[in-house]
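> Need the 3D shape of this:
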Amino acid sequence: MENPASTSISCPSTPRWNLERPFLTGRFHQEAKTTSRFAELKLDSFSNGGLEKAIGCYDAAIQELIVIDDLLSALLGIEGRYISIKRVHGKENEVSFQVEASMDLTLQELAKRIFPLCESFLFISQFVESRSQFKKGLVNHAFAAALRALLLDYQAMVAQLEHQFRLGRLSIQGLWFYCQPMMGSMQALFAVTRQVSANDIAGSAVLNLLQSQAKAMAGDNAVRSLLEKMTQCASNAYLGILERWVYEGVIDDPYGEFFIEENKSLKKESLNQDYDTKYWRQRYSLKEGIPTFLANIAGMILTTGKYLNVMRECGHSVQLPASENSKLMSFGSNHQYLECIKAAYDFSSSELLKLIKEKYDLMGKLRSIKHYLLLDQGDFLVHFMDIARDELSKKLDEISVEKLQSLLDVALRTTAAAADPCHEDLTCCVERMSLPKSLRALKDLVDSKTLDINDQEVPMGITGLEAFSLSYKVRWPLSIVISWKSLSKYQLIFRFLFHCKHVERQLCWAWQVHQGVRSLNTRGTSISRSSLLCRSMLKFINSLLHYLTFEVLEPNWHVMHNRIQTAKSIDEVIQHHDFFLDKCLRECLLLLPQLLKKVERLKLLCLQYAAATQWLISSSIDVCKSEELSDSLICSEKSKEWKGRTPKGTKLTTSNSAVTESILKFEKEFNSELQSLGPILSKSSQAEPYLTHLAQWILGIEMTNRF
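I've put the predicted structure just below:
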């Protein structure tokens, strides 16, 4: 045990603990030029055989020398002549030091005061050995290394005390005096290591424990400083993992200590199939056990690495500027680590946003989707509805999607859409549910992630006109913003607009039929009443389409466009895009079931009336050459020719009560639905201001239809 007086208190490879303590400096102030009285007493004055005697057989001076010698051994976890080590019953890895009962009572009390330091050293030494294994985690290993460095200083202190004892300059009171400063620090570390061992914790849990213990010792600056240094040393390994994540987007965490986990089963290709965009939200996610000093910026840290991973998967080289690529060495009170993380976040965010906006032309893709799915440029749609009319009129089971796709390609190539380089990404599809059921399915997916079985059944009587939709191919990394969830919302809006356009076309055809008989004297007949009804229906559907396009879609699109231009991160872009779609769905009445049901009922009445228009008009006319006139009413073009071909002998009849009754029935039902819609819109507009304009249009129509 004996060590020269010149023994260094710390080796070059161990940290020096700047606590200004005697046991760390080696300065023993009680050294005197005169020889101590203990120098006259030699331990060799009693033989080894005498040690078998009880210590009480010796006088007090000899007992003191023996006790000091035993205590110096006990301070290093070694049993002495009259001080033994006993394992505590029921407590694993905990021991207690005991003295022989015959020892002088004063010496016993002084020795027992030093025993907690001996027990702390022994337990910490065992902890260091057990936690030095890599399977215990990098943080535990770093913590154990810091403890080992401290124990080296502690052992140097004991060696210096022994040297003073050999020179006869150390009394038991002096030993207690020099042990006191180390007592609080060792007991604090003993408490920490005991909790770590008892709970078998690792990683951030160890850092949080050290930090909480340091805060609890605010009244003892020396102990608090020691625990803070231990926390910094233990966090070095953790900061190394954090550094690779925020600078490279790599999780180098072999023992699962980091607070970010990766779900490798989720692939980026799933964004085109997964409604909930699990890849973006769950590929990398936070888990429990975030270090307290990183709790406030955990979300920023997660996002930084996610952005870097997106760029790496795009084949884009990620290199932080040298000024920002500073090492995360510590998390001290200067908050330098926060500045490093913030700089890394700003860099990754701006680089990814620039990549998606410029290289992958995000706004160009969104404009293209707006042209087709929001009917911003409708020339291709008019042509498509003309050439695909027969196919779309079929039942779902009879429709050929391949034929519809070829007709769509023809419409795209022969209209202004051919100039759009993204038009080849447009595809057609036929949904298996009606629009109201699809909206309920959307709500179910958001709320319970399940669909009602009845909603999956093919509805009876639905045709391609109600089920037709467009889809759009979106590739990585734009699929982060334009996910399957976003496309589903675009498709719901498209289906509603498409069906409104279909209703408008049918009413326009009915109106042209009415215009074909304007040259006839229709005053006082059912044709005049039918013409007024057709005009009211057209005004309703035109008002609805005007509201949807010019009051909802266009203004909201411009707001979203401006917000995306000023966005600072891709998450902000996603947020603005999702907000735009949700706002459009709500303002297009698609998320208001009561209003949507009324509108769908009105559209159905319009379609039924348009389908019956030819019969209503032809049944109201008694023409000498009825066959010729009936043929002329087949299409709008022929109805225009009718004006010059109407024979002079044509007569109008008012006796056909069935025709009049049918027109009155349509008129009554339409006005009734319209009148019931008006109050609902007026009431809803108080809570939903965007309905004010639509309510004004509907109420205006209602007033004109009151006879």
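
> Show me the strands in the stretch 51-200 of the chain, by range?
Per DSSP state E, counting those that start in this stretch, the stretch 51-200 of the chain carries strands over the ranges 83-87, 95-99.

> what's the most buried one of those?
Mean neighbour count (mean count of other Cβ atoms under 10 Å) peaks for strand 95-99 among the strands of the stretch 51-200 of the chain, with a mean of 18. (C-beta placed from N, C-alpha, C; glycine too.)

> Direction included, what does that one pair up with?
Here strand 95-99 is paired, per DSSP bridges, with strand 83-87 (antiparallel).

> Number of residues surrounding Asn199?
Counted with other Cβ atoms under 10 Å, the neighbours of Asn199 add up to 11.

> export the strands of the stretch 51-200 of the chain to TSV and tack on mean pLDDT and distance to Leu681?
Below are the strands of the stretch 51-200 of the chain laid out as TSV (pLDDT from 0 to 100; distance: least, Cβ to Cβ, whole Å):
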stretch	mean pLDDT	distance to Leu681
strand 83-87	82	83
strand 95-99	83	82
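
> Quick check: the gap between Pro254 and Ala145.
Relative to Ala145, Pro254 is positioned 17 Å away (Cβ to Cβ, to the nearest Å).

> Of those two, which one has the most company?
Remark: of Pro254 and Ala145, Ala145 carries more neighbours, 20 against 12, as counted by other Cβ under 10 Å.

> contacting residues for the more buried one?
Ser132, Cys233 (Cβ atoms under 8 Å, 6 or more residues apart in numbering).

> hey, where'd the helices end up in the stretch 151-300 of the chain?
Ranges of helices in the stretch 151-300 of the chain, per DSSP state H, counting those that start in this stretch, are 172-199, 204-216, 221-248, 278-282, 298-313.

> Output the contacting helices and strands for the third one.
Right, the one you point to is helix 221-248. Here helix 221-248 touches helix 138-166, helix 172-199, helix 204-216, helix 298-313, helix 336-354, going by 3 or more Cβ pairs under 8 Å, 6 or more residues apart in numbering; DSSP states H and E.

> ok, now which ones touch Ser132?
Ser132 makes contact with His141, Ala144, Ala145, Arg148 under the criterion Cβ under 8 Å, 6+ apart.

> residue ranges for the strands of the stretch 501-650 of the chain, please.
621-622.

> swap that for the stretch 351-500 of the chain, please
Going by DSSP E, counting those that start in this stretch, the stretch 351-500 of the chain shows strands at 426-430, 468-472.

> closest one to Gln160 among those strands?
Between Gln160 and the strands of the stretch 351-500 of the chain, the tightest spacing by Cβ to Cβ is seen for strand 468-472, at 78.7 Å.

> Parallel or antiparallel, list what pairs with the closest one.
Its sheet considered, strand 468-472 pairs with strand 426-430 (antiparallel) by DSSP bridges.

> What is the burial count for Ile55?
Ile55, neighbours per other Cβ under 10 Å, totals 21.

> Does Leu151 touch Ile124 like I think?
Yes: between Leu151 and Ile124 there is a contact under Cβ atoms under 8 Å: 6.7 Å.

> Of these two, which one has the most company?
Under the criterion of other Cβ under 10 Å, the comparison of Leu151 against Ile124 puts Ile124 first, with 23 against 18.

> For Tyr360, give its distance to Pro477.
From Tyr360 to Pro477 the distance is 7 Å (Cβ to Cβ).

> do the same with Lys267
13 Å.

> neighbour count winner among the two?
In terms of neighbours (other Cβ under 10 Å), Pro477 is the more surrounded of Lys267 and Pro477; the figures are 21 against 11.

> Now do the same contact list for Thr231.
Here Thr231 is in contact with Leu207, Leu210, Gln211, Ala214 (Cβ under 8 Å, 6+ apart).

> Dump those into TSV; add distance to Trp615, pLDDT and neighbour count as well.
Below are the contacts of Thr231 laid out as TSV (distance: Cβ to Cβ, whole Å; pLDDT from 0 to 100; neighbours: other Cβ atoms under 10 Å):
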residue	distance to Trp615	pLDDT	neighbour count
Leu207	82	91	28
Leu210	87	91	25
Gln211	84	88	20
Ala214	89	89	20
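
> out of these, who's nearest Asp571?
Closest to Asp571, out of all of the contacts of Thr231 and judged by Cβ to Cβ, is Leu207, at 27.8 Å.

> leaving aside the residues next to it on the chain, what's closest to that closest one?
Pro291 (4.9 Å; Cβ to Cβ, 6 or more residues apart in numbering).

> Glu257 is in contact with the one you found, correct?
No: between Pro291 and Glu257 there is no contact under Cβ under 8 Å: 10.1 Å.

> Now do the shared contacts for those two.
With Cβ under 8 Å, 6+ apart, Pro291 and Glu257 have common neighbours Ser204, Tyr238.

> the more surrounded of the two?
More neighbours surround Pro291 than the other of Pro291 and Glu257, with 23 against 20 (other Cβ under 10 Å).

> Identify the residues contacting that one.
Ser204, Leu207, Asn208, Gln211, Ser235, Tyr238, Phe259.

> For it, give me phi and psi.
phi -60, psi 140 (degrees, to the nearest 10).

> Against Ala191, how distant is it?
For Pro291, the distance to Ala191 equals 20 Å [Cβ to Cβ].

> Repeat that for Lys403.
On the measure of Cβ to Cβ, Lys403 and Ala191 end up 78 Å apart.

> and if you look at Ala142?
Distance of Ala142 to Ala191, given as Cβ to Cβ: 19 Å.

> Same check on Ile369?
Counting by Cβ to Cβ, the gap from Ile369 to Ala191 is 62 Å.

> Tell me which of these two has more neighbours.
Ile369 (22 against 14).

> surely the more buried one meets Tyr490?
Yes: counting by Cβ under 8 Å, Tyr490 is a contact partner of Ile369 at 6.2 Å.

> where do the contact lists of those two overlap?
Common neighbours of Ile369 and Tyr490 are listed as Tyr472 (criterion: Cβ under 8 Å, 6+ apart).

> which stretches of the stretch 251-400 of the chain have low pLDDT?
Residue ranges of the stretch 251-400 of the chain with pLDDT under 70: 269-277, 319-335.

> Could you list the single helix or strand in this structure with the lowest mean pLDDT?
Least confident helix or strand of the chain, by mean pLDDT, DSSP states H and E, is helix 22-25 with a mean of 36.

> hang on, the earlier thing: farthest-separated two in the contacts of Pro291?
By the measure Cβ to Cβ, Gln211 and Phe259 form the most distant pair in these, at 14.6 Å.

> Leaving out the residues flanking it, which one is nearest to Cys508?
Leu538 is the one closest to Cys508 (Cβ to Cβ, 6+ apart), at 7.1 Å.

> re the thing from before, where do the contact lists of Lys267 and Pro477 overlap?
Joint contacts of Lys267 and Pro477 (Cβ under 8 Å, 6+ apart) do not exist.

> Wait, Leu266 touches Gln282, no?
Yes: counting by Cβ under 8 Å, Leu266 does reach Gln282; the two are 6.2 Å apart.

> Count the residues that sit near Asp376.
Counted with other Cβ under 10 Å, residues neighbouring Asp376 total 15.

> where's the nearest residue to it once chain neighbours are set aside relative to His558, distance?
Closest residue to Asp376 apart from its sequence neighbours, by Cβ to Cβ, 6+ apart: Lys370 at 4.7 Å. To His558, Lys370 is 11 Å away according to Cβ to Cβ.

> More neighbours: the two, which one.
For Lys370 versus His558, neighbours defined as other Cβ under 10 Å are more numerous around Lys370 (18 against 10).

> what about that one, distance to Tyr472?
11 Å.

> what does Ala298 give?
In terms of Cβ to Cβ, Ala298 sits 35 Å off from Tyr472.

> just to revisit the earlier point, what do Tyr360 and Pro477 both touch?
In contact with both Tyr360 and Pro477: no residue, using Cβ under 8 Å, 6+ apart.

> Give me the below-cutoff pLDDT ranges for the stretch 451-600 of the chain.
451-461, 518-525.

> can you count the residues close to the closest residue to Met186 other than its chain neighbours?
The spatially closest residue to Met186, leaving aside those adjacent along the chain, is Ser120, at 4.0 Å (Cβ to Cβ, 6+ apart). Other residues near Ser120 number 22, with proximity taken as other Cβ under 10 Å.
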